[in-house]
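Asks: Just need the structure, nothing else, for what follows:
(one chain, ligands or ions: 2)
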Amino acid sequence: MAGKETKTTATSGESIAADINSAAVWALLEKYRFEMRMALRVCAHCGLCAESCFLYMARDRKPEYMPSHKFINTLGILYRKKGRVRRKELESMCHIAWRRCVLCTRCYCPLGINIPEMIALVRRVCRSQNVLPDFENTSGWEKRSHGQSYTKTAE
Ligand code: SF4
Ligand code: SF4
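Replies: Ligands and ions are numbered 1, 2, ... in the order given. Predicted coordinates:
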């Protein structure tokens, strides 16, 4: 199924009816399937990486800023659903990949999981579907949690 050429920003404030090109998303995910699925499988959910993430520390240790939380709720879903996610879900992932991670590579996992690489792949998937963050609107990032509508936050 071909995806529509619809540009969506994660701060657009409204859901976009257009679907995504899940075949293209899966093709991208397939390239990295072995290492990414391995990382998702071996993650012990120990939370040790969290201490090395400055965003997690700066955001009062909110669970959604834990590195493992970020990749489980993005790549974990993408692989589990074999790329068949709705645009709204991808918008949520876009928010996580850009606004909860800056790819600084500071996070440390004793098991060798490369978290920034995982988040970078999420960004690639989002970009491939024109689901992009709205950097022009920096005064108040509009956040969307899974299954909830957009709300303004001071994040
Ligand atoms: S990514 Fe590594 S450090 Fe972080 S929760 Fe998983 S196993 Fe623990
Ligand atoms: S790469 Fe992302 S998850 Fe890792 S420390 Fe930096 S902001 Fe945190």
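
Asks: Setting the sequence-adjacent residues aside, check what's closest to Leu29.
Replies: Closest residue to Leu29 in three dimensions, ignoring its sequence neighbours and counting by C-beta to C-beta, 6 or more residues apart in numbering: Gly83, at 5.5 Å. (Glycine included, C-beta is placed from N, CA and C.)

Asks: tell me which strands and helices the helix or strand Ala24 falls within is in contact with?
Replies: Ala24 is part of helix 22-31 when elements are defined by DSSP states H and E. For helix 22-31, the contact count by 3 or more C-beta pairs under 8 Å, 6 or more residues apart in numbering; DSSP states H and E identifies helix 75-80, helix 115-128 as packing neighbours.

Asks: wait, what's in contact with the spatially most central residue of the chain?
Replies: When the chain is reduced to its mean C-alpha position, the nearest residue by C-alpha atoms, centre = their mean turns out to be Met93, at 3.3 Å. By C-beta atoms under 8 Å, 6 or more residues apart in numbering, the residues touching Met93 are Asn73, Thr74, Ile77, Leu78, Val85, Val122, Val125, Cys126, Val131.
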